[in-house]
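have a look; sequence and predicted model below, questions after that.
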Amino acid sequence: MKLPGKLAAFLPFGGAILATVLLSASTEPTVRVAPMDTVGPRSMESQTQSSVIRDYLLAWQTMDAALSQNRPDLLDAVFVGKAKEKLAETVHEQQGLGIETSYLPKSHDIKVVFYSPEGLSIQLLDEVEYDVNVRKGEQSLGSDHVRARYVAVLSPTETRWKVRVFQGGTP
Amino acid sequence: MTARILLSCALVMMLAHLSAAQPELRFPAKVEAGTAFSVPTSSSGAATLYIVGPGDALERKVQPGEEISFGTDDLHNAGHYLAVLTSGSSSQVAQFDVIASHQPASLSFLAKPSRLPVNRENGISGVAYIFDIFGNLVMKPEDVAFQLAEATGGAQSRNAISHDGVAFVQMNSATKAGAAQFQAKLDSVHATRVVEQVPGDPCSIRMTAHPGAGQRVVLQTDPVRDCNGNPVPDGTIVSFTETYEGRVSTVDVPLKRGVAQTELPAENGALISAAAGVVLGNEIRWSGR
């Protein structure tokens, strides 16, 4: 899984107004991150800002990989708790039905809304656009373009921020 | 002119026909997690419906004209879902949301730190994430009551409205040391954590001296307390220093049962002091009595 490499370099300077990062490869999504100066109640270091966004975007890539290949083992790297359990359960359901689903984000508009006082959780909202394609073997059963608002809660672990809550809805 | 009208009519008829052949898949925009609902179909042949999202994947066989029913166990993970109805080579798609149940069922409550000194302003933080019975984050605003009940019977209470599923408060630690019960409560749902409030640093030190055996002076502090009157924990180091004719001798002594005690050489005219951390106690000029 490839990380959007330019992102980490841009994010520390994203505090001005909006950090708009158009990634080079056409398959990679446009990522917009709202400034985090006013995120509270704990102030957020620029390194934390970069890593939480990087890890959240990695979560999308991982979710796509897990659900399009029906591989729950991929989830361990970036999901934890309920989010991981639910995604793993979905993978098993897909395996039972013989289907795979791909989630290809086209754009992310991310706003970090909460950084807990003790630094143990970060919550963000993402107005995301993505393409969903449902396949059964080689056959595409159906696809659609989706605009949704995701809420994610991330917790720090030894190596990275992991997604603990991952929940979508209509904006 | 007539040809144009005929062409328009033909187009309308074609569109109407197409519309009849490709009936719309009508899902409610939002469905509460764990509720039963049904969706009408007007499929002309046998079809298969797939519901897919990050939280669930399921399949239904659909007979012509049959309603598709979903039970309370079918969709309980909140999220945005795609519904795909396939029949032969054609398919229809719809999108809908499963939203969290309106009834909160659990609180994920983080209280930090678990141990802190007394009398710290906003020293204790409580963060509560609100979940329904299926583990979905409850996004609608809820009024969460936080209470910090101290060992002495006093309590601080504060309410916070949740935003996007999370509510938080910051509270002061009490002036008296002891274990406090920190509770977050929403309707009948509550979670409690214990926060240990320990005495702060010593506020002052008072030392007395009296002659000991064999040309020694016995030094002892009064019980050492913090600025709120809480006994400072045993093990806290008190340093006794004796200065005599330019020589300095220091002894570090841990508090035992709240006091520190030691012996130093009894030198007439020696200046003896006691300190703990940044707090300096009284000084004694030893004169043999």
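Structure received.

please make it C-alpha for all contacts and neighbour counts, starting now.
Fine.

out of everything not next to it in sequence, what's closest to the residue sitting nearest the centre point of chain B?
Residue closest to the average C-alpha location in chain B (CA atoms, centre = their mean): B:Leu110, at 2.4 Å. Closest residue to B:Leu110 apart from its sequence neighbours, by CA to CA, 6 or more residues apart in numbering or on different chains: B:Val127 at 5.2 Å.

quick check: the one you found touching B:Gly165?
No. B:Val127 is beyond contact range of B:Gly165, at 10.6 Å (criterion: CA atoms under 8 Å).

of the two, which one has the most company?
B:Val127 (24 against 20; other CA atoms under 10 Å in any protein chain shown).

and stretch B:269-279, what's its mean pLDDT?
Taken as a whole, stretch B:269-279 has a mean pLDDT of 91.

which parts of that stretch are buried?
Neighbour-count burial for stretch B:269-279, counted by 16 or more other CA atoms under 10 Å in any protein chain shown, picks out B:270-276.

what do you get for stretch B:91-110?
Residues B:91-101, B:104-107, B:109-110 are the ones in stretch B:91-110 that count as buried (16+ other CA under 10 Å).

circling back to that earlier point, after whichever strand or helix holds the residue nearest to B:Leu110 comes which helix or strand?
Using DSSP states H and E, B:Val127 sits in strand B:124-132. With elements assigned by DSSP H and E, the helix or strand that comes after strand B:124-132 is strand B:143-149.

hmm, back to that, whatever helix or strand the residue nearest to the centre of chain B lives in to strand B:124-132, inter-axis angle?
According to DSSP H and E, B:Leu110 maps onto strand B:104-112. Counting by axes from the mean of the first three to the mean of the last three CA atoms, to 10 degrees, strand B:104-112 lies at 160 degrees to strand B:124-132.

quick one: strands adjacent to strand B:104-112?
Strand B:104-112 has its sheet partners listed here by DSSP bridges as strand B:124-132 (antiparallel).

give me the distance between B:Glu245 and chain A.
As judged by CA to the nearest CA, to the nearest Å, B:Glu245 and chain A stand 52 Å apart.

which ones are touching that residue?
Applying CA atoms under 8 Å, 6 or more residues apart in numbering or on different chains, one finds that B:Glu245 lies in contact with B:Ala270.

bridged to the residue nearest to B:Leu110, which residues?
The partner list for B:Val127 in beta bridges (DSSP bridges) reads B:Leu110, B:Phe168.

and it, what does it touch?
Counting by CA under 8 Å, 6+ apart, B:Val127 makes contact with A:116, B:108-111, B:166-169.

next: A:Ala148.
A:Ala148 makes contact with A:127-129, A:168-171, B:80, according to CA under 8 Å, 6+ apart.

show me the strands in the stretch 1-150 of chain B, by range?
Assignment of strands within the stretch 1-150 of chain B using DSSP state E, counting those that start in this stretch yields the ranges B:30-32, B:37-39, B:47-53, B:56-62, B:68-70, B:79-87, B:90-99, B:104-112, B:115-117, B:124-132, B:143-149.

of all those, which lies closest to B:Gly200?
In terms of CA to CA, the element of these nearest to B:Gly200 is strand B:115-117, at 5.0 Å.

partners of that closest one, with directions?
Strand B:115-117 has these partner strands in its sheet, going by DSSP bridges: strand B:189-198 (parallel).

what's the angle between the strand it pairs with and strand B:143-149?
If you take the same axes, to 10 degrees, strand B:189-198 sits at 30 degrees to strand B:143-149.

may I see the buried residues of the helix or strand following strand B:189-198?
Going down the chain from strand B:189-198, the next helix or strand is strand B:202-204, by DSSP H and E. Judged by neighbour count (16+ other CA under 10 Å), strand B:202-204 contains these buried residues: B:202-204.

same check, this time on stretch B:243-262
In stretch B:243-262, counting by 16+ other CA under 10 Å, buried: B:243, B:252-255, B:258-262.

near chain A, which residues of the stretch 1-150 of chain B are found?
Contact residues, the stretch 1-150 of chain B versus chain A (CA under 8 Å from any CA of the partner chain): B:52-59, B:77-80, B:82, B:84, B:86, B:91-93, B:96-99, B:112-113, B:125, B:127, B:135-137.
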